[in-house]
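I'd like to go over a predicted model; first the sequence, then the structure.
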Amino acid sequence: MTVFFKLLSALPLVWLHGLGWLMGWGVFAASGVYRQRFLANARQAGVGARGWLASVGESGKLVTELPRLWLGPPVTVLWDGAQHVDAALALGRGVVFLTPHLGCFEITAQAYAQRYGQAGQPMTVLFRPPRQAWLRDLVGESRQRPGLLTAPTTLSGVKQLIKALKRGECVGLLPDQVPPQGMGVMAPFFGRDAYTMTLSVRLVQQTGATVLLAWGERLGWGRGYRVHVQPMADGLPTDLLAAATVINRAMQDLILQCPGQYLWGYARYKAPRDEAHGSSVCAARVHAMSSKLILILMRGLAYLPLAWVRALGVLLGWVLYLVVSPRRRVVRSNLRLCFPQLTEVQVSQRTRRMFAVFAQSWLDRGWLWHGAPKVVRERLKLTGAVHELAGQEPVVIFAPHFVGLDAGWTALTQQLPRHFTTIYTDQSNPVMDAWILAGRQRFGSVRLFGRVDGVKSIVAALRAGDPLYLLPDMNFGPQESVFVPFYGVSAATVPSLSRFARLGRAKVVPVITRLTPTGYAVEVLPAWENFPSDDPVADTARMNAALQTYIDTMPEQYYWVHKRFKDRPPGEPDLYQ
């Protein structure tokens, strides 16, 4: 997921906003719960269709612009009301920025840090680190910038905010965010009671800080943002409920200035969460939302001409090549080891081509799994010794890790009448896991075995006549692998091809899938003779030797992103250092 964010951060802002607009309307159309809450909140505020229609797309932009704001180059920011910030800072009592869920609230803190923080007036914001490592690192990296400080959502974090204000600095809060239980009061918000934080009131009471209202307007066509700042019209009473009511009224006035950019889908009237449970729920929701965004985009690709999808794949591949430096180094190392005759220029060229076809094949899953069946069949050309897969004879299909592995599986399951099986490894992301499972079960009568199913179930299905689509050119560690040559270098390789062929009393039929300009060519090769033997190590060495001949016909389409030589025989050095 971090790779995906880094990829998006390199795109122009107008592209990200376009994707966000599509995502916003996609979620609005697909989720009845979200749509009902969105419309109910808008009605509660007295906002008609002319006010909330724009917010459907703007809500999606809120998500897709984050990679650019967190990881990408600076964006254009204009100011309206900067003189109020200058005046408040000059008083030396500190400033409390109150920013509702209006427009791009991420940009207000960044813009302040850029304009004032680097001049010695930093802003401190509360930050609850997500529990998921990838998201915690990503958000943490984005918040660690000159002039912008973070404070934990604990008592020590509140003390940090108070100290910042007493030094005459600025703190930022989102007052229309539902706080944890015990940290707010029920106060009217657009005529309905909503649990409202009291932290901002307490900060002002303890420090005498100046309160300013701010929000980041999203300008059209990716032109950047405009930060609006204005003083609070009414002072804050000492009573917490009365003060929360005044703040909510101020937020209402801001929102009604631009209802088309308010986050009407936010559950403003929900019950307060338990603090111990809140952070994990928040992280899970962000992760799930990011995954759903990817799936919406993948479904959309199913309706584009193949040439467009492939062009996007080339662009994506180039960005991955530039951004994902660890995998780029792995690919280059693998190519140097397997093709020592290549010059450094040739290694670089082949690496770039590999990233391009890798990205193209990933985007192709959009039409493989969501396109019209007729279109899928037309783009998958099944050729070669197809008769090897006829009848009910036990067959282990040797399907190496070429980029078209899912296209090969789809061609077989869609175009042949047999019941196919394969082995599936669960994904850590449940949204993506469900999507991949559904895609691989789209056509035919298939069964995906997990590791928990064990060898006996797989062998039983194989002997019953269900071909096994096997990807054995893998390394599961020294305990489950044997060291055999691969392009002259010892590689830990699972001997599963020999093992399943022997246990299932099955023949081995290679199926090689090649990405082509019109889709994929799926070639069925003749069954291997005299395989398996009584020596699984020799069989695995034979498999690798055959694999080399397949790779040599299309070297850029093999999965060089894997650390194929990660495990080494005793005494040999790490080849990826």
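The structure has been received and is ready for your questions.

From one end of stretch 234-248 to the other, what's the distance?
With Cα to Cα, to the nearest Å as the measure, stretch 234-248 spans 12 Å from end to end.

Which residue ranges of the stretch 351-500 of the chain form strands?
380-384, 395-398, 420-423, 446-449, 468-470, 482-486, 489-493 (DSSP state E, counting those that start in this stretch).

Of those, which is nearest residue 510?
Using Cβ to Cβ as the measure, strand 395-398 is the one of these that comes nearest residue 510, at 4.4 Å. Just so you know, the C-beta spots here come from the backbone N, C-alpha and C atoms, and that holds for glycine as well.

Among the strands of the stretch 351-500 of the chain, pick out the one with the most neighbours on average.
strand 395-398 (a mean of 26; mean count of other Cβ atoms under 10 Å).

in its sheet, what does that strand sit against?
For strand 395-398, the pairing partners within the sheet under DSSP bridges are strand 468-470 (parallel), strand 507-516 (parallel).

most tightly surrounded among those?
strand 468-470 (a mean of 24).

What values do phi and psi take at the closest residue to residue 8 other than its chain neighbours?
The shortest distance from residue 8 to any non-neighbouring residue, by Cβ to Cβ, 6 or more residues apart in numbering, is to residue 67 (3.8 Å). Dihedral angles of residue 67 (phi, psi; degrees, to the nearest 10) stand at phi -60, psi -40.

Could you pull up the residues touching residue 67?
Going by Cβ atoms under 8 Å, 6 or more residues apart in numbering, residue 67 touches 5, 6, 7, 8, 9, 16.

elements contacting the strand or helix carrying residue 106?
Assigned by DSSP states H and E, residue 106 belongs to helix 105-115. Counting contacts by 3 or more Cβ pairs under 8 Å, 6 or more residues apart in numbering; DSSP states H and E, helix 105-115 is packed against helix 66-71, strand 77-80, strand 95-98, strand 123-127, strand 148-152, strand 170-173, strand 210-218, strand 225-231.

how about these in TSV, adding distance to residue 106 and mean pLDDT?
Shown next, in TSV, are the helices and strands packed on helix 105-115 (distance: least, Cβ to Cβ, whole Å; pLDDT from 0 to 100):
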stretch	distance to residue 106	mean pLDDT
helix 66-71	5	88
strand 77-80	12	97
strand 95-98	13	96
strand 123-127	10	86
strand 148-152	11	87
strand 170-173	10	95
strand 210-218	7	96
strand 225-231	10	97
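
Adding mean pLDDT, write the strands of the stretch 351-500 of the chain out as TSV.
Output for these, formatted as TSV (pLDDT from 0 to 100):
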stretch	mean pLDDT
strand 380-384	97
strand 395-398	97
strand 420-423	95
strand 446-449	92
strand 468-470	97
strand 482-486	96
strand 489-493	95
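
Give me the three-state assignment for residue 340.
coil (DSSP: H, G, I helix; E, B strand; the rest coil).

Please disregard the earlier target; I meant residue 570.
Look at residue 570: counting by three-state DSSP, its state is coil.

show me what contacts it?
Residues counted as contacts of residue 570 (Cβ under 8 Å, 6+ apart): none.

Quick check: the gap between it and residue 483.
As judged by Cβ to Cβ, to the nearest Å, residue 570 and residue 483 stand 10 Å apart.

Run through the residues that contact the nearest residue to residue 271 once chain neighbours are set aside.
In space, and not counting its chain neighbours, residue 271 is closest to residue 195: 7.2 Å by Cβ to Cβ, 6+ apart. Each residue near residue 195 by Cβ under 8 Å, 6+ apart is listed here: 178, 179, 184, 185, 186, 270, 271, 272.

Tell me which of these fall in strands.
The strands, defined by DSSP state E, take in 184, 185, 186 from these.

so the residue nearest to residue 271 is in which element?
Per DSSP H and E: strand 192-197 holds residue 195.

can you give me the end-to-end distance of stretch 26-40?
End-to-end distance for stretch 26-40, by Cα to Cα: 19 Å.

Now tabulate the helices and strands packed on helix 105-115 in JSON lines and tack on distance to residue 300.
Shown next, in JSON lines, are the helices and strands packed on helix 105-115 (distance: least, Cβ to Cβ, whole Å):
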{"stretch": "helix 66-71", "distance to residue 300": "18"}
{"stretch": "strand 77-80", "distance to residue 300": "30"}
{"stretch": "strand 95-98", "distance to residue 300": "37"}
{"stretch": "strand 123-127", "distance to residue 300": "33"}
{"stretch": "strand 148-152", "distance to residue 300": "35"}
{"stretch": "strand 170-173", "distance to residue 300": "35"}
{"stretch": "strand 210-218", "distance to residue 300": "22"}
{"stretch": "strand 225-231", "distance to residue 300": "26"}
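
of all the ones you listed, which lies closest to residue 509?
Here helix 66-71 is closest among the helices and strands packed on helix 105-115 (Cβ to Cβ), at 43.6 Å.

before we move on, the earlier item: now the helix holding residue 106: mean pLDDT?
For helix 105-115, mean pLDDT rounds to 93.

Quick check: closest non-adjacent residue to residue 244.
Nearest to residue 244 is residue 187, by Cβ to Cβ, 6+ apart, at 3.9 Å.

Relative to residue 25, how far out is residue 514?
37 Å.

mind giving me the domain ranges of this structure?
Split into domains by automatic domain parsing, the chain comes to 2-294, 380-557.
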